[in-house]
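**Student:** sequence and predicted structure below; questions after.
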Amino acid sequence: MIGLAGCGRMGAPMLAALRDGGTRAIGFDIVDKGTDHITTNIMAFAPQLETLLCVVRDEDETNALLFDTQNLMGTAPNLQRIFICSTLSPRYVRGLSERVPDHITLIDAPMSGAVVAAENRTLSFMLGGTADDIADATPLLSLMGQHFHHMGGFGSGMQGKVLNNLLAASHTAMTRLVLDWADEAGLETTALLNLIETSSGQNWLASGYESIEFAKHGYAPDNSIGILVKDVAAALDAAPDGADTALPKQVQATIRALKARS
C-alpha cells in the first residue's frame with residue numbers, strides 16, 4: 001500500500017493524483033479531512049504501509065511521524081520505501097540515513113510548482129538517491145509531476161530544492177516590492193506584469209501572479225508565505241561554511257513583513 005502523510009494544500013492534490021492513477025493509496029493527517037481515504041488513526045494507516053510519501057510541514061512533524069508520536073519506524077513493519085517530499089534542511093535529511101533502518105530505501109523528492117501544479121499534476125521533483133532507486137520511483141512520481149531532476153545521492157535533491165526556493169523567495173520579495181512601488185507610482189498592475197513577462201525582469205512569481213494561490217497573501221506562520229520563510233531557513237542551515245548570508249536573511253525578513261495585496 002502507498003501512504004501519503006500530510007494531506008494539506010500540497011499533499012491532498014498529490015494523494016488525489018495517486019488515487020486517480022490507479023494506485024492503492026491512502027492519506028494520514030492529524031486533522032480530520034472528512035473523507036474516508038484520509039485517516040487520523042495511525043494504526044489504520046501504518047500496518048499495511050509499504051511506500052510512504054512524507055509531505056508534512058517541517059522537521060518536528062517529520063520526527064513525530066517517523067520516530068516519535070506516530071512512530072512509523074515502530075508501527076509500519078512492512079515499510080520498504082520513504083520519499084521525503086517536504087522541504088527540509090539538507091543536513092537534517094542526510095541525517096535520516098543514520099536513523100532509518102537499512103532495509104528501507106530513502107529518496108529525497110521535494111517538489112516545486114505550488115498548489116496549482118499539484119492540482120494539474122505538473123509538479124517538478126528534485127530527486128536524491130541511487131540511479132536504480134530513482135528509476136524505480138519515477139513511474140509513481142509521474143502520476144503527480146512532469147519534471148524530474150536527479151541531482152545525485154540521497155540529500156542532493158533537497159540541496160537543489162532549497163537553493164531553488166532561495167531564488168523563489170528572492171523573486172517573491174522583490175516582485176511584491178516592485179508591485180507596491182508601482183501602486184505608489186500609479187502604474188496599473190496588469191500592465192506592469194505584462195511588461196515584466198516579456199522583459200528582463202521576468203520571474204516565476206510575476207509570471208504566475210494570477211494563478212499562484214499565495215501570490216497576494218501576507219505573511220502568517222501557517223500559510224504558504226510562512227512556509228517560504230521556513231524554506232529560506234532550510235537553505236541557510238545548509239549554507240557553506242563562511243558564506244555571506246546577509247542577503248538571504250534580508251530576503252527572509254522582507255517576506256516575513258509582507259502584507260496582503262488586494
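**Tutor:** The structure has been received and is ready for your questions.
**Student:** I'd guessed residue 72 sits against residue 50; true?
**Tutor:** No - under the criterion of Cβ atoms under 8 Å, residue 72 makes no contact with residue 50, lying 11.7 Å away. Where you see a C-beta, it was placed from the backbone N, CA and C, and this is true even at glycine.
**Student:** what touches both of these two?
**Tutor:** By Cβ atoms under 8 Å, 6 or more residues apart in numbering, residue 72 and residue 50 have these common neighbours: residue 79.
**Student:** give me the more crowded residue out of those two.
**Tutor:** Taking other Cβ atoms under 10 Å, residue 72 and residue 50 do not tie; residue 72 has more neighbours (24 against 13).
**Student:** ok now do the more buried one, which residues does it touch?
**Tutor:** Per Cβ under 8 Å, 6+ apart, neighbours of residue 72: 42, 46, 49, 52, 65, 66, 79.
**Student:** which residue, other than its chain neighbours, is closest to the first one?
**Tutor:** Leaving aside its sequence neighbours, residue 42 sits nearest to residue 70 (Cβ to Cβ, 6 or more residues apart in numbering; 4.5 Å).
**Student:** got it, and the fourth one?
**Tutor:** Nearest residue to residue 52, sequence neighbours excluded (Cβ to Cβ, 6+ apart): residue 82, at 4.8 Å.
**Student:** and what of the last one?
**Tutor:** Excluding its sequence neighbours, the residue lying closest to residue 79 (Cβ to Cβ, 6+ apart) is residue 49, at 5.3 Å.
**Student:** and that neighbour, what's its pLDDT?
**Tutor:** Turning to residue 49, the model gives it a pLDDT of 98.
**Student:** can you tell me how far it is from residue 42?
**Tutor:** Residue 49 is 10 Å from residue 42, where distance means Cβ to Cβ, to the nearest Å.
**Student:** please say which of those two ends up with more neighbours.
**Tutor:** residue 49 (23 against 19).
**Student:** for that one, what are its contacts?
**Tutor:** 1, 3, 72, 76, 78, 79.
**Student:** for the first one, which residues are in contact?
**Tutor:** For residue 1, the contacting residues are 24, 25, 26, 48, 49, 50, 51, by Cβ under 8 Å, 6+ apart.
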